[in-house]
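Chemist: next one to model:
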Amino acid sequence: MTDPTALVAGGGATGAGVARDLTHRGVDVTLVDRDGLGGGTSGRSHGLLHSGARYAESDPVGAEECIQESRVLRDIAGECIRETGGLFVQLSADDPEYFDAKRASCESVGIPTTVIDGDAARAAVPGLSDDVERAMRVPDAVVYPSRLVAANAADARDRGATVHVDAPVEGMTVEGGRITGVELGGSVGERIDPDYVVNAAGAWAGQVAAMAGLDVGMRPTRGVMVSVEYDDLGPVLNRCRSPDDGDIIVPHDSEVVLGTTSVPVTDPDDYPTDEREVERTYRECGAMLPQTVDAPEVRTWWGIRPLYAPDEDERGGRGISRGFVRLDHAEEGVENFASIVGGKLTTYRQMAEATADLVCDRLGVDAECMTADRRLPGVDDPDRLDAFVTEFDGQGPTDADVVESRT
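Modeler: Below you'll find the model as predicted:
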């Protein structure tokens, strides 16, 4: 195997996005993941493309990032996105001042909103609870992460990148303040010597960094998602209250995804689950859309959020926007190594751009980011996108009802 200029460890949305961005700038890249692409956090989300409204009052900078990036993805991602719109609904038990503050915050960062009364909301969403007093339209949408990750990887591959699934990073050698070798297991089974290494392993970033003798403090949390049979829900539904369990319902074709919870875990590979979280998710989502309580369950899955501990301490935990953090490990004595942690699926491309900027600066590559202006491959053809998913073993539970397996 030829040594690449840059090795990207972690094939979720951010890692695939970094690989794509770097290849557009002319950098030779190898992308590896221990499983299929998107097998970690990206493929186990609720599939909400955030407008930013969820974070508007708690983190206006993060909210502005979301609205900007969601518009970019609508331009470049085609059938990876489903345009649905969103509603933030206020139930009778919810604080009306919170609703008003959220609307004002949305307007201040450029997120368009329209307020409708409860009757208009029920006319727009049949089956919506009689307890809904008013609602606010926002430009939320649905993202199919399996397709999005695979399309980014396909674009990188088409531009010369090497992509390996089933290729875990098993060790690193650091000599003279540089990573001089990376041991890859699984389908590769050999050592390579990249000029630069990007750690995009998400909730597992701490484990990858530890191989280089570094401490990247992650604080992962688990969350449950439940997909149930439900036809013809139009917009994404959000409960208009401080973020809590069971306050998002995401529509697919003939299903809806109910989510989610937030419970700290110590090991992203080995953690307990609690059926009470599933029950609470049903109950809380049912307060918005009552028929979901008794709807037939299709599948249940748990996702792990890749939260960065210092950032969480600063922001105050749940309910505050999940910002991303780029760590240049040259500051800790390993000059050709960086980690990208935290963030949201909606802002993956921006995270990748920030990371690629650093890599290019360290490699002496003078090239600007072009990923916001170039459409991903295959995005006008769902069959082609789904073939990419199969190629990279990228099917996750989030969009299993939409993405057609080509095995």
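
Chemist: quick one: the strands in the stretch 51-200 of the chain?
Modeler: 81-82, 86-91, 114-117, 132-138, 141-143, 162-164, 169-175, 178-184, 190-192, 196-199 (DSSP state E, counting those that start in this stretch).

Chemist: list the contacts of the residue lying closest to Asp381 once chain neighbours are set aside.
Modeler: Spatially, and ignoring its direct neighbours in sequence, Asp381 is nearest to Glu79 (7.3 Å; Cβ to Cβ, 6 or more residues apart in numbering). C-betas here are computed from N, CA, C, even on glycine. Going by Cβ atoms under 8 Å, 6 or more residues apart in numbering, Glu79 touches Tyr144, Arg147, Val379, Asp380, Asp381, Pro382, Leu385.

Chemist: same check, this time on Gly118
Modeler: Here Gly118 is in contact with Asp130, Val132, Glu133, Arg134, Ala135 (Cβ under 8 Å, 6+ apart).

Chemist: need these in JSON lines (columns: distance to Val226, neighbour count and pLDDT).
Modeler: Output for the contacts of Gly118, formatted as JSON lines (distance: Cβ to Cβ, whole Å; neighbours: other Cβ atoms under 10 Å; pLDDT from 0 to 100):
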{"residue": "Asp130", "distance to Val226": "23", "neighbour count": "10", "pLDDT": "98"}
{"residue": "Val132", "distance to Val226": "21", "neighbour count": "25", "pLDDT": "98"}
{"residue": "Glu133", "distance to Val226": "26", "neighbour count": "18", "pLDDT": "98"}
{"residue": "Arg134", "distance to Val226": "27", "neighbour count": "19", "pLDDT": "98"}
{"residue": "Ala135", "distance to Val226": "23", "neighbour count": "28", "pLDDT": "98"}
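
Chemist: of those, which is the nearest to Asp245?
Modeler: Here the nearest of the contacts of Gly118 to Asp245, counting by Cβ to Cβ, is Val132; it sits at 18.9 Å.

Chemist: so what's the closest one up against?
Modeler: Val89, Gln90, Leu91, Gly118, Ala121, Arg122, Met288.

Chemist: redo those as a markdown table? Include pLDDT.
Modeler: Listed next are those as a markdown table, based on pLDDT from 0 to 100:
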| residue | pLDDT |
| --- | --- |
| Val89 | 98 |
| Gln90 | 98 |
| Leu91 | 98 |
| Gly118 | 98 |
| Ala121 | 98 |
| Arg122 | 98 |
| Met288 | 98 |
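
Chemist: excluding chain neighbours, what is closest to Asp328?
Modeler: Nearest to Asp328 is Ala338, by Cβ to Cβ, 6+ apart, at 5.4 Å.

Chemist: tell me which residues of stretch 183-196 come out buried.
Modeler: Glu183, Leu184, Gly186, Val188, Arg191, Ile192, Pro194, Asp195, Tyr196 (16 or more other Cβ atoms under 10 Å).

Chemist: ok, those vs Gly52, which is closest?
Modeler: For these, the nearest to Gly52 is Tyr196 (31.9 Å; Cβ to Cβ).

Chemist: partners of the closest one in the sheet?
Modeler: Ala6 (DSSP bridges).

Chemist: you'd agree it is up against Val359?
Modeler: Yes: between Tyr196 and Val359 there is a contact under Cβ atoms under 8 Å: 5.5 Å.

Chemist: what do these two both touch?
Modeler: In contact with both Tyr196 and Val359: Ala6, Ala338, using Cβ under 8 Å, 6+ apart.

Chemist: as a quick check, tell me the outermost residue of the protein.
Modeler: Computed with Cα atoms, centre = their mean, the residue of the chain farthest from its C-alpha average is Gly176, at 35.4 Å.
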